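Undergrad: Okay, predicted coordinates and the sequence, questions at the end:
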Amino acid sequence: MQSWMGKPYYSLDAFLHEQFQEKVYKAALDAGFTCPNRDGTAGERGCIFCSAGGSGDFAGDRRLPVSLQLEQQIRRIRSRRPVKKFIAYFQAFTNTYGPAEKLEALYREALSCPEVAALSIATRPDCLPPPVVGLLARLNREKPIWVELGLQTIHEKTAAYLRRGYPLSCFEEAVKNLRAAGLDIIVHVILGLPGETGEQMLDTIRFLNRLPIRGIKLQLLHVLAGTDLAEDYEKGYFRVLAREEYIELLIRCLEELRPDIVIHRLTGDGPKKLLIAPQWSSAKRSVLNTLHHEMALRRTWQGRLYQTN
């Protein structure tokens, strides 16, 4: 039975120990960006699940400079753990949506912090023009730069419901261009999207297995107050997964996932004051413990059922 630092999947902890030989934590930032899905370029209401904070509800205060946000986040994390190195995580909204000159100033502000070992930049595949990819490639020669892309699903019908705002072909082109520039890619996938079967969710995993991605974030669909998704949920248009269903689905995804893909996330929630459903998702440690226990009972691991064809 294969394991990575005692876990049945290639955990982010294992990857970071390989890369940096020590524990590294993310410091989440809000650099004041917006999104083409909100400013009228691709849409005005954003993705149906996205909170008012642009999926950066745990990030720093956008009114503060990046350097000060980093300082505060580092101080907060160090108050609980003896950490030396950090990943500056540009999390809220679309963090490559702007002119390359502005982006470079923000990224270099973070990179100048001596404790920052890498940048992780959350964005959309339709916001990666050649000058921006070129900038990221140059910075990647100084410190590692990761690019996080919110795919969520490969199924266009679901993507239209989510108001994702770009076709799958755009995602494929972005992955090709980023890898050609030597950049590592992390893909976000949501499990339990309305109308999708378990087999359709596995189709998304199989599709990603064929692409040169470095990491993945798997998370369940959760419903946050103030979103259009919450309105549909309260009208009874769909239901969220039960904890047992989610664990079963996670195991199936991990078994088929390529074993060299790093697992950056296996669950997800939102701020307790905003979380409508599922309430069980707020107990993340318990969910992960149950997953580990169940995978041990089944004697299974990431990639056990992976097929190259």
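TA: Structure received. Everything numeric here is computed off the predicted structure, so don't read it as measured data.
Undergrad: Show residues contacting stretch 34-41.
TA: Under the contact criterion Cβ atoms under 8 Å, 6 or more residues apart in numbering, stretch 34-41 has outside partners 42-47, 50, 54, 93-94, 97, 124, 126-127, 163-165. Any C-beta I mention is one placed from the backbone N, CA and C, and that applies to glycine too.
Undergrad: how long is it end to end?
TA: The first and final residues of stretch 34-41 sit 11 Å from each other (Cα to Cα, to the nearest Å).
Undergrad: got the buried residues for that stretch?
TA: Residues of stretch 34-41 classed as buried by neighbour count (16 or more other Cβ atoms under 10 Å): 35-38.
Undergrad: for stretch 173-180, same thing?
TA: Under the neighbour-count criterion of 16+ other Cβ under 10 Å, stretch 173-180 has 174-175, 177-179 buried.
Undergrad: Which of these fall in helices?
TA: 174-175, 177-179 (DSSP state H).
Undergrad: From the residues you listed, pick the one nearest Ala118.
TA: When these are ranked by distance to Ala118 (Cβ to Cβ), Leu178 comes first, at 15.4 Å.
Undergrad: And the closest one, how far from Val189?
TA: 17 Å (Cβ to Cβ, to the nearest Å).
Undergrad: Neighbours of Leu149, how many?
TA: 21 (other Cβ atoms under 10 Å).
Undergrad: now it, what's its secondary structure?
TA: strand (DSSP: H, G, I helix; E, B strand; the rest coil).
Undergrad: Report the contact partners of it.
TA: Taking Cβ under 8 Å, 6+ apart, one finds 123-125, 171, 174-175, 185-188 in contact with Leu149.
Undergrad: ditto for Gly192
TA: Residues near Gly192 by Cβ under 8 Å, 6+ apart: 201, 220-221, 240-241, 245-246, 249.
Undergrad: Now do it against Phe49, distance only.
TA: From Gly192 to Phe49 the distance is 11 Å (Cβ to Cβ).
Undergrad: and for those two, which residues touch both?
TA: In contact with both Gly192 and Phe49: Leu221, using Cβ under 8 Å, 6+ apart.
Undergrad: Would you agree His264 falls within a strand?
TA: Yes - assessed by three-state DSSP, His264 belongs to a strand.
Undergrad: What's the local residue count around it?
TA: The number of residues packed near His264 is 21, by other Cβ under 10 Å.
Undergrad: Am I right that it is in contact with Gln219?
TA: No - contact criterion Cβ atoms under 8 Å: His264 and Gln219 do not qualify, at 9.9 Å.
Undergrad: so where is this protein shaky, pLDDT-wise?
TA: Low-confidence segments of the chain, defined by pLDDT under 70, span residues 52-60, 269, 309.
Undergrad: Show me where it has its helices.
TA: With DSSP H as the criterion, the chain has helices at 12-20, 66-78, 100-111, 130-140, 156-162, 168-180, 198-209, 228-234, 243-256, 284-298.
Undergrad: Can you pick out the most distant pair from the buried residues of stretch 34-41?
TA: Pro36 and Arg38 (7.4 Å).
Undergrad: Can you redo the contacts of Gly192 as TSV, where the extra columns are neighbour count and distance to Glu101?
TA: Output for the contacts of Gly192, formatted as TSV (neighbours: other Cβ atoms under 10 Å; distance: Cβ to Cβ, whole Å):
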residue	neighbour count	distance to Glu101
Met201	22	40
Leu220	23	39
Leu221	24	37
Val240	19	43
Leu241	20	44
Glu245	16	47
Tyr246	25	43
Leu249	18	43
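Undergrad: biggest separation within those, which pair?
TA: Met201 and Val240 (14.0 Å).
Undergrad: contacting residues around the residue nearest to Gln19 when sequence neighbours are not counted?
TA: Nearest residue to Gln19, sequence neighbours excluded (Cβ to Cβ, 6 or more residues apart in numbering): Pro144, at 7.3 Å. Each residue near Pro144 by Cβ under 8 Å, 6+ apart is listed here: 19, 117-119, 184.
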